[in-house]
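Trainee: Give me a model of this one.
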Amino acid sequence: MQRRYITVDVFTDRAFGGNPLAVVLDAGGLSSEQMQAVATEFNYSETTFVLPPADAAHDAQVRIFTVNREIPFAGHPNVGTAFVLATLAEKPPARLLFEEKAGLVPVEIVTERGRVVSTEFTAPQPLKQMSHLGAEQAAALLSLSASDVRTDRHPPQVISVGLSFLAVEVASREALRRARPDAAAFAKTFPCDGSDAVYFYTRDVPEGERPCELQARMFHPGASGLSEDPATGSATAAAAALLADLDDIKGGELRLKIGQGVDMGRPSLLLTRVRKQNGAVASIHVGGSCVKMMEGTFRLDGKG
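Mentor: Predicted coordinates for the structure are as follows:
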């Protein structure tokens, strides 16, 4: 059976920026093992597989695979998959609702003159705050010193809105650029509360990288050792929710523009919105633009 796929660069408005994603459109009948093999073959940080929904009121079931495993939720796969499905529609919908392992994920579709220009997902779970790490242990993961880690707003902490990450604030843009993943430190620290990755950011953003308020990077296990992700929507959502939770504002909407991937030559822009009501985080949203890159087919019959 011929399976169609489309690849997109996510969280960017230009080709070869952002985070690449492969979307397999005709995934019905494929086994989990086959999906994993296809994701490994594409060798992107994630590949999505679009299946009919279990509930006809929803738009699709979406399964998400890294090169190593299936994950319950991720950010750029939702933004990219929604972009692909919306652009294939005769008339782009205003909203898509995906069934995923972490729960239902709504994705808003933004159009201009009938053309899809961006999409924005809502995190499927509320902010969950878990283990704290010391500055020295967190710094070791990044080949930095403890003085490079800021703890005045929050300690290094595992957080999640559907997928867990260790969130670390670093003191300077220079420290963010200098960071390198340390395999021995990763082996000592992870897994931790379901996380095997570290998302780190700085508020020290130079004039030339504005209007971003934060610059971020993310290290995680890849196909052959530790690698870097150019745009991590799920970690960005969790970090934005954490920062909103720490903000004194009782109600309203907090927005952040967050850059990622700059130091690896794949600049990305992630737009976050966090709504607060009565002092608590009510909803978490991350969106951005996409660029269609490639499309094609591969032949693979379903098994089981």
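
Trainee: got the contact list for the most centrally placed residue in the chain?
Mentor: By C-alpha atoms, centre = their mean, the chain has its centre lying nearest to Gly233, at 2.5 Å. Gly233 makes contact with 10-11, 74-79, 121, 270, 286, 288 under the criterion C-beta atoms under 8 Å, 6 or more residues apart in numbering. C-beta: built from backbone N, CA, C; applies to glycine.

Trainee: swap the cut-off to 7 Å and go again
Mentor: Residues in contact with Gly233 (C-beta atoms under 7 Å, 6 or more residues apart in numbering) are 74-76, 78-79, 121, 270, 286.

Trainee: Now name the helix or strand holding Glu253.
Mentor: Per DSSP states H and E: Glu253 is located in strand 252-260.

Trainee: swap in Ala39?
Mentor: With DSSP H and E as the test, Ala39 turns up in helix 32-42.

Trainee: buried residues in that helix?
Mentor: 34-36, 38-39, 42 (16 or more other C-beta atoms under 10 Å).

Trainee: Repeat that for stretch 56-75.
Mentor: Buried residues in stretch 56-75 (16+ other C-beta under 10 Å): 58-67, 71-75.

Trainee: Inside strands: which ones of the residues you listed?
Mentor: 60-65, 71 (DSSP state E).

Trainee: Show me what the helix holding Ala39 is in contact with.
Mentor: The contact list for helix 32-42 (C-beta under 7 Å, 6+ apart) reads 22, 24, 27, 47, 49, 63, 65-67, 70, 223, 300, 303.

Trainee: Identify the bridge partners of Phe200.
Mentor: For Phe200, the beta-bridge partners are Val168, Arg217 (DSSP bridges).

Trainee: Just give the number of residues close to it.
Mentor: 28 (other C-beta atoms under 10 Å).

Trainee: Report the distance from stretch 144-159 to the chain centre.
Mentor: 21 Å (C-alpha atoms, centre = their mean, to the nearest Å).

Trainee: which residues touch that stretch?
Mentor: Residues outside stretch 144-159 that contact it (C-beta under 7 Å, 6+ apart) are 127-133, 135-136, 138-139, 164-171, 175, 178-179, 192-193, 195, 238, 242, 246.

Trainee: in it, what's buried?
Mentor: 144, 148-151, 154-159.

Trainee: pLDDT, distance to Asp263 and secondary structure for these - can I get that in JSON lines?
Mentor: JSON lines is the format used below for the buried residues of stretch 144-159 (pLDDT from 0 to 100; distance: C-beta to C-beta, whole Å; DSSP: H, G, I helix; E, B strand; the rest coil):
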{"residue": "Leu144", "pLDDT": "98", "distance to Asp263": "14", "secondary structure": "coil"}
{"residue": "Asp148", "pLDDT": "98", "distance to Asp263": "15", "secondary structure": "helix"}
{"residue": "Val149", "pLDDT": "98", "distance to Asp263": "18", "secondary structure": "strand"}
{"residue": "Arg150", "pLDDT": "98", "distance to Asp263": "19", "secondary structure": "strand"}
{"residue": "Thr151", "pLDDT": "98", "distance to Asp263": "23", "secondary structure": "coil"}
{"residue": "His154", "pLDDT": "98", "distance to Asp263": "23", "secondary structure": "coil"}
{"residue": "Pro155", "pLDDT": "98", "distance to Asp263": "24", "secondary structure": "coil"}
{"residue": "Pro156", "pLDDT": "98", "distance to Asp263": "20", "secondary structure": "coil"}
{"residue": "Gln157", "pLDDT": "98", "distance to Asp263": "23", "secondary structure": "strand"}
{"residue": "Val158", "pLDDT": "98", "distance to Asp263": "24", "secondary structure": "strand"}
{"residue": "Ile159", "pLDDT": "98", "distance to Asp263": "23", "secondary structure": "strand"}
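
Trainee: what's the closest of the residues you listed to Ala86?
Mentor: Ile159 (29.4 Å; C-beta to C-beta).
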